[in-house]
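Asks: here is a sequence with its predicted model. Questions after.
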Amino acid sequence: MSAQDNSRFAIRDRNWHPKAFTPDYKTSVARSPRQALVSIAQSVSESTGPDFSHLAFGPHDHDLLLNFNNGGLPIGERIVLAGRVCDQHGKPIPHTLVEIWQANAGGRYRHKNDRYLAPLDPNFGGVGRALTDSQGYYSFRTIKPGPYPWRNGPNDWRPAHIHVSISGPSIATRLITQLYFEGDPLIPMCPIVKSIANPDAVQSLIARLDMSNANPMDCLAYRFDIVLRGQRKTHFENC
């Protein structure tokens with residue numbers, strides 16, 4: 001981070017973000033701190049790097065339709081997910097690593113601990129990665145994930161969502177969040193979403209239909225822009 005960036009630093013608005021202790025979101029009870037947080041000065045290793053320019057990428061790392069191909073294409077609604085990563089002042093974050101992971105179209109993750117009865121898709125791994133370009137833009141091609149039930153309440157369901165990790169310009173700015181899809185009726189019912197008090201903040205986690213970026217006769221597109229640092233920072237993943 002440059003001296004100029006430091007001079008423009010804006011503290012995160014903690015009233016914008018959800019509280020760590022949210023009893024209706026049951027796993028937050030055990031994970032939330034019981035004592036006041038302590039600020040620790042950042043070291044040089046935390047405020048600089050890493051440099052991803054030498055990271056080796058496969059040809060389909062950003063294409064989840066092809067990167068786990070076992071002789072066929074995955075089942076589900078094909079979509080393009082794209083957006084821009086910037087700081088609170090609108091400055092793009094170029095050449096940084098964006099990673100995603102998600103459930104398949106039936107709502108099941110390719111993970112040994114996922115016991116949901118939906119079947120695994122033999123042609124879908126559910127993970128991808130990409131670097132932002134010089135203007136901070138990223139793009140993936142994937143399948144729209146399905147909703148799934150979770151053991152929070154007697155009939156709680158997670159809306160369709162994709163988890164996103166953005167490394168930013170330094171280790172200290174790494175953000176892990178999740179995006180939802182415009183128009184999903186499960187969004188306002190989700191206990192995780194309801195832990196966010198500000199309705200405008202909830203809207204910052206919703207990917208918008210973007211017909212200008214759709215592939216005709218192939219994929220619809222959704223846009224999800226991400227803000228690192230400061231008061232406008234996209235919500236961290238509180239789960």
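Replies: Perfect, thanks for sending it.
Asks: so who does residue 165 touch?
Replies: Residues near residue 165 by Cβ atoms under 8 Å, 6 or more residues apart in numbering: 97, 98, 99, 100, 174, 175, 176. Just so you know, the C-beta spots here come from the backbone N, C-alpha and C atoms, and that holds for glycine as well.
Asks: how many residues are close by the closest residue to residue 26 other than its chain neighbours?
Replies: Distances taken as Cβ to Cβ, 6 or more residues apart in numbering place residue 152 nearest to residue 26, at 5.3 Å, with adjacent residues excluded. By the criterion of other Cβ atoms under 10 Å, residue 152 has 16 neighbours.
Asks: quick check, residue 152 in contact with residue 22.
Replies: No: the pair residue 152 and residue 22 fails to qualify as a contact (Cβ atoms under 8 Å) at a distance of 10.9 Å.
Asks: common neighbours of these two, please.
Replies: What both residue 152 and residue 22 touch, as defined by Cβ under 8 Å, 6+ apart, is the set residue 191.
Asks: pLDDT at the closest residue to residue 174 other than its chain neighbours, what is it?
Replies: Nearest non-adjacent residue to residue 174, counting by Cβ to Cβ, 6+ apart: residue 167, 5.2 Å away. You'll see residue 167 listed with a pLDDT of 89.
Asks: ok, residue 167 touching residue 95?
Replies: No: between residue 167 and residue 95 there is no contact under Cβ under 8 Å: 10.1 Å.
Asks: looking at these two, which has the bigger crowd around it?
Replies: Just comparing residue 167 and residue 95: by other Cβ under 10 Å the higher neighbour count belongs to residue 167, 21 against 15.
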